[in-house]
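> Next input, structure requested:
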Amino acid sequence: MIKRAGGALLLSIEIDRSAPGTVSHQLYSAMRDIIHAGGMHIGERLPASRTLAIDLKISRTTVINVFEILTSEGLIESRTGAGTFVSKAWMTTRPAETEVIKKQGSERPMRQPRLSGVITRALENFVDRLPHKTKAFTTALPAFDAFPSALWAQYVTRTWRSNHQSNMGYADPRGHFPLRQAIASHLLSNRGIKCEAEQIFIVSGAQQAFQIIGTVLLDPNDLVWCENPGAIGASNSLIASGAKLIPIPVDQNGLMVEHGLRRAPDFRLAFVTPAHQQPLGVSMSIERRFALLNAAENANAFIIEDDYDSEFRYSGQPPPTLKSIDTLDRVIYVGTFSKTLFPALRLGFFLAPPPLVDVFNRVSKALLQGVASSHQAVVAAFMQEGHFATHIRRMREIYAERHQVLCDAAQERLGGLIDIVPTDTGLHTIARIPHTLDEVKIATAALEKNVVVTPIKRYCIAPTDQKGLVLGFSGIPPSEIVNGVKTLEQVLDTIVKQKT
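Numbering: from 1, shown residues only. Prediction:
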């Protein structure tokens, strides 16, 4: 049984014995103000009278008297054998937070804060991130229902029993070295990338990797090629770095390099998702990959390769990663455990080419706090002892099955309405829709029925001819996929009838 907590810390209360007010009145006023201001939430336990008296160096009798006054006012309540708590009755009388803000604002007009020019421009261009609640057809979610939680718990327990100094101290800002070694081994065996552990930097998700890379490589208004449509999180990170994003169209062979060279030959950075383009799902052709590498070399630019979900391929051999064919040290490879394990880990990594390793070492040591060592140690052991590979294999089978369920259900119910494009990689696919239909209208109507389909337009930083819906399937149980398709059929039927 877990021992009961000792109650809130109220050390902000100051007792001034030279003040004209009595100690009792000072304590009463301070506690009342804390509760009124929301400093303690409804149902939170107060410290015992003896404990609070010791903390504040005052008489316990004084504390008991103040507790009785606050109880009579309905602010706190005593529960036999449990302690004293902020009263639930206070919930019905406490002013709403917005009312408090309005009152404060009326007393003193709030001045607009002065922001940096970079973030001011970025705020005008940020795109809100996509929702991540498990429902048909939310994208980018792994199968939580199939995660080996019991096995994971064993590794967590073992890790916390092994090394308190490592688990509870400051982490190496570059990352837990055994995890960096495990990732380097995995990249070689699974993605064909030869690298040293010293080139791997552990970060709190791919998003932080993009931010760090942008901070190191970009000056305000530097030109960055971005796939259009493309990854929202990466675009936001690069915008926040002050970059000027150059939207480059994507066709069936991936990023159109020739288009980029015509628009911005002097680009500083390019962002691509070559294995499974986000969101269109195409794979960049070998010819385009070499063309992009040559363009980067000629411009003295770098390339971010975001390999976010390529672990999950359902047929055939995957094409080589951009990094594995990079002989010019132009590619910064970014990976994440959000898709392969689960997003709450907040664990990702990037692989720096040799010329950038020293600068990323210095930046990491100077600016980063490091991801929790215990999380990294668990993942390292999970990988080193073979469970990561086993998990990936199992998830491939599950995702392939869910993808097939989606395709079969769509063929049965959505034929003639929209066209699901089968995929052999990743956690989502797309549906092409007739040009007579509005993708945003479909998405809005579906959301009203608790189904998420994301318009391709949502991923664009500039207008594009690409039109359709993005549907995730990996995190959705088969029965919910079928029900989601039924709901989508109803939505489409209604919209089509309204147009006729």
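> Can you show me the helices along the stretch 101-250 of the chain?
For the stretch 101-250 of the chain, the helices defined by DSSP state H, counting those that start in this stretch occupy 117-125, 149-162, 164-168, 177-191, 206-217, 232-240.
> Rebuild those helices as JSON lines, extending it with mean pLDDT and mean neighbour count.
Bear in mind the C-beta positions are built from the backbone N, C-alpha and C, glycine included. Converted to JSON lines, the helices of the stretch 101-250 of the chain look like this (pLDDT from 0 to 100; neighbours: other CB atoms under 10 Å):
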{"stretch": "helix 117-125", "mean pLDDT": "82", "mean neighbour count": "13"}
{"stretch": "helix 149-162", "mean pLDDT": "94", "mean neighbour count": "13"}
{"stretch": "helix 164-168", "mean pLDDT": "82", "mean neighbour count": "12"}
{"stretch": "helix 177-191", "mean pLDDT": "95", "mean neighbour count": "19"}
{"stretch": "helix 206-217", "mean pLDDT": "95", "mean neighbour count": "21"}
{"stretch": "helix 232-240", "mean pLDDT": "92", "mean neighbour count": "23"}
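> Residue 320 is nearest to which of those helices?
Nearest to residue 320, of all the helices of the stretch 101-250 of the chain, is helix 177-191, at 8.4 Å by CB to CB.
> Helix or strand with the lowest mean pLDDT in this protein?
Scoring the helices and strands of the chain by mean pLDDT, DSSP states H and E places helix 97-107 at the bottom, with a mean of 51.
> My read is that residue 446 contacts residue 490, right?
No - with contacts counted by CB atoms under 8 Å, residue 446 stays clear of residue 490, the gap being 9.3 Å.
> These two - which one has more neighbours?
residue 446 (23 against 15; other CB atoms under 10 Å).
> And the helix or strand harbouring that one, how far out from the chain middle?
Taking DSSP states H and E as the criterion, residue 446 maps to helix 439-448. Relative to the chain's own centre, helix 439-448 is displaced by 24 Å; criterion: CA atoms, centre = their mean, to the nearest Å.
> just stretch 481-488 next, same as before
26 Å.
> Go ahead and name everything in contact with it.
135-137, 402, 405-406, 409-410, 413-414, 446, 449-451, 453, 473, 476 (CB atoms under 8 Å, 6 or more residues apart in numbering).
> go with 7 Å
Under the criterion CB atoms under 7 Å, 6 or more residues apart in numbering, residues 136-137, 402, 405-406, 409-410, 413-414, 446, 449, 451, 453, 473 lie in contact with stretch 481-488.
> So which bits of it are buried?
By 16 or more other CB atoms under 10 Å, the buried positions in stretch 481-488 come out as 481-488.
> Show only the entries of those found in helices.
Among the buried residues of stretch 481-488, the members falling in helices are 481-488 (criterion: DSSP state H).
> low-scoring stretches of the chain, by residue?
Residue ranges of the chain with pLDDT under 70: 1-6, 90-110, 131.
> most residues in a single helix of it, which one?
Per DSSP H, the chain has its longest helix at helix 387-413.
> what inclination does it have with respect to helix 177-191?
On the basis of axes from the mean of the first three to the mean of the last three CA atoms, to 10 degrees, helix 387-413 is oriented at 50 degrees to helix 177-191.
> in helix 387-413, what's buried?
Result for helix 387-413 [16+ other CB under 10 Å]: buried residues 388, 391, 395, 398-400, 402-403, 405-407, 409-410, 413.
> what's the closest of those residues to residue 355?
Using CB to CB, the buried residues of helix 387-413 come closest to residue 355 at residue 388, 29.9 Å.
> just checking, the closest one touches residue 382?
Yes - Residue 388 lies in contact with residue 382 (CB atoms under 7 Å); the separation is 5.3 Å.
> still on that earlier bit, residue 439: which of the helices of the stretch 101-250 of the chain is closest?
Among these, the nearest to residue 439 by CB to CB is helix 232-240 (16.0 Å).
> gap between the closest one and the chain center?
13 Å.
> coming back round to it: let me know which of the helices of the stretch 101-250 of the chain is the nearest to residue 58.
That would be helix 164-168 among these, by CB to CB, at 34.4 Å.
> what residues are up against residue 459?
By CB under 7 Å, 6+ apart, the residues touching residue 459 are 229-230, 232, 279.
> can you count the residues close to residue 284?
24.
> sec struct for it, please.
coil (DSSP: H, G, I helix; E, B strand; the rest coil).
> Show the contacting residues for it.
Residue 284 sits in contact with 253-255, 272, 274, where contact means CB under 7 Å, 6+ apart.
> what's the most distant pair in these?
Longest distance between any two of the contacts of residue 284 is 12.1 Å, between 253 and 272; criterion CB to CB.
> okay, those two: which has more neighbours?
residue 272 (28 against 17).
> Bridging across strands, which residues link to that one?
residue 305 (DSSP bridges).
> What is the longest strand seen in the chain packed up against?
When the chain is parsed with DSSP state E, its longest strand is strand 244-251. Using 3 or more CB pairs under 7 Å, 6 or more residues apart in numbering; DSSP states H and E, the elements in contact with strand 244-251 are strand 223-228, helix 232-240, helix 257-263.
> I'd like to know which of the ones you listed lies nearest to residue 460.
Going by CB to CB, the one of these nearest residue 460 is strand 223-228, 5.7 Å.
> and the angle for that closest one with helix 232-240?
Using the same axes, to 10 degrees: strand 223-228 against helix 232-240 is 160 degrees.
> Report the distance from strand 223-228 to the chain centre.
Distance of strand 223-228 from its chain centroid, counting by CA atoms, centre = their mean, is 21 Å.
> how is the protein carved up into domains?
As recorded under automatic domain parsing, the domains making up the chain are 1-108, 120-132+146-389, 393-499.
> Show me the one of those that comes nearest residue 114.
Nearest of the domains of the chain to residue 114, taken as CB to CB: domain 120-132+146-389 at 9.3 Å.
> May I have the distance across the closest one, first residue to last?
Terminal residues of domain 120-132+146-389 lie 44 Å apart, using CA to CA, to the nearest Å.
> returning to what we had before: tabulate the contacts of stretch 481-488 (a markdown table), appending distance to residue 260.
As requested, the contacts of stretch 481-488 are exported to a markdown table (distance: CB to CB, whole Å):
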| residue | distance to residue 260 |
| --- | --- |
| 136 | 36 |
| 137 | 31 |
| 402 | 35 |
| 405 | 38 |
| 406 | 33 |
| 409 | 38 |
| 410 | 34 |
| 413 | 40 |
| 414 | 35 |
| 446 | 34 |
| 449 | 40 |
| 451 | 36 |
| 453 | 30 |
| 473 | 31 |
